[in-house]
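**Student:** With the sequence up front, the predicted model follows.
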Amino acid sequence: MSDELDTEKALQILYDIQGNDDSVREDYSGRGMMGQTCIGITTPYPTRTIEKAAEKGLVGSRVDNMGMDMIIYWPRFKTNEEEIRHGT
């Protein structure tokens, strides 16, 4: 199902599942992304958030530790203007 999602739909899923302690990010640059940005969500409850996202068809996430919270991010859903403009 995630193959049917584009960045806008994937981002909407994150806003839909966002809890009180979570924060949606539209500009996260994870490990090995070389400055490219993608969608993500910071949360103190990564397992719950990953499960909720997967229930909605948003899979293929990565996780980084941000100190007090974790960020779950989806590198395939890029938010760089150039990436979106060229569809890569």
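**Tutor:** That came in fine, so what should we check first? Everything numeric in this text was worked out from a predicted model, so none of it was measured. Numbers count the residues shown, from 1 in each chain.

**Student:** For the strand ranked longest in the chain, buried residues please.
**Tutor:** In the chain, with assignment by DSSP state E, the single longest strand is strand 70-78. The neighbour-count check on strand 70-78 (16 or more other Cβ atoms under 10 Å) flags M70, I71, I72, Y73, W74, P75, F77, K78 as buried. For glycine as for every other residue, the C-beta is placed from the backbone atoms N, C-alpha and C.

**Student:** Just the helices from this structure, written as ranges.
**Tutor:** 7-17, 46-55, 81-86 (DSSP state H).

**Student:** Using TSV, please lay out the ones you listed together with distance to M66, mean neighbour count and mean pLDDT.
**Tutor:** Converted to TSV, those look like this (distance: least, Cβ to Cβ, whole Å; neighbours: other Cβ atoms under 10 Å; pLDDT from 0 to 100):
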stretch	distance to M66	mean neighbour count	mean pLDDT
helix 7-17	16	17	96
helix 46-55	11	16	96
helix 81-86	23	10	49
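
**Student:** which stretch among these comes nearest G32?
**Tutor:** In terms of Cβ to Cβ, the element of those nearest to G32 is helix 81-86, at 15.2 Å.

**Student:** Hmm, T37 is touching D27, no?
**Tutor:** Yes. Between T37 and D27 there is a contact under Cβ atoms under 8 Å: 4.7 Å.

**Student:** what is in contact with these two at once?
**Tutor:** T79 (Cβ atoms under 8 Å, 6 or more residues apart in numbering).

**Student:** who has more neighbours, those two?
**Tutor:** Taking neighbours as other Cβ atoms under 10 Å, T37 and D27 compare with T37 leading, 20 against 10.
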